[in-house]
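Trainee: next input, structure requested:
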Amino acid sequence: MIRVLASRWQGSVLVCGKCSKKLGGGFGDKGRTPLVKLLRQALGVKKGRKADRGVVEVKCLGVCPKNAVVVVDGAHTGRWMLVPAGTEADEVVASLTGTGPA
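Mentor: Residues are numbered from 1 along each chain as shown. Okay, here's the model as predicted:
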């Protein structure tokens, strides 16, 4: 029997965990913060399915760029982003919300 759970998510963001691990963080003031943590803080994401939006770290998306992390916005699955190490959180959020350069 398949059960369905309701969530409040209006969208989801998938972040490649393998890329993040290769960079050893790579984001934030000291360059040690993982992109997942930075995006959760910047978007104000709460934990679990009761949050407005989900930021999920997945195993490997298979792209494996050098010095960057692969990010997929669940609302635009045809467009994958390669986020270079050291990119500001505001720039990534602007790309995800469609208010900045893509």
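
Trainee: which SS state does the residue lying closest to Ala89 once chain neighbours are set aside fall under?
Mentor: Using C-beta to C-beta, 6 or more residues apart in numbering and skipping residues adjacent in sequence, the residue nearest Ala89 is Ala42, 4.0 Å away. All C-beta atoms are positioned from the backbone trio N, CA, C, and that covers glycine. When the structure is split into helix, strand and coil by DSSP: H, G, I helix; E, B strand; the rest coil, Ala42 lands in helix.

Trainee: quick one: pLDDT of Ala42?
Mentor: Model confidence at Ala42, expressed as pLDDT, equals 89.

Trainee: can you give me the strands in the chain?
Mentor: When assigned using DSSP state E, the strands of the chain occupy the ranges 12-16, 54-58, 68-73, 80-84.

Trainee: and the third one, which strands flank it?
Mentor: By that I understand strand 68-73. As defined by DSSP bridges, the strand partners of strand 68-73 come to strand 12-16 (antiparallel), strand 80-84 (antiparallel).

Trainee: check the second one too.
Mentor: Using DSSP bridges, the neighbouring strands of strand 54-58 in the sheet come out as strand 12-16 (parallel).

Trainee: shaky segments in the chain?
Mentor: When residues are selected by pLDDT under 70, those of the chain lie in 99-102.

Trainee: if we can go back for a sec, I figured the residue nearest to Ala89 hits Glu88, correct?
Mentor: No - taking contact to mean C-beta atoms under 8 Å, the distance of 9.2 Å between Ala42 and Glu88 leaves them out of contact.
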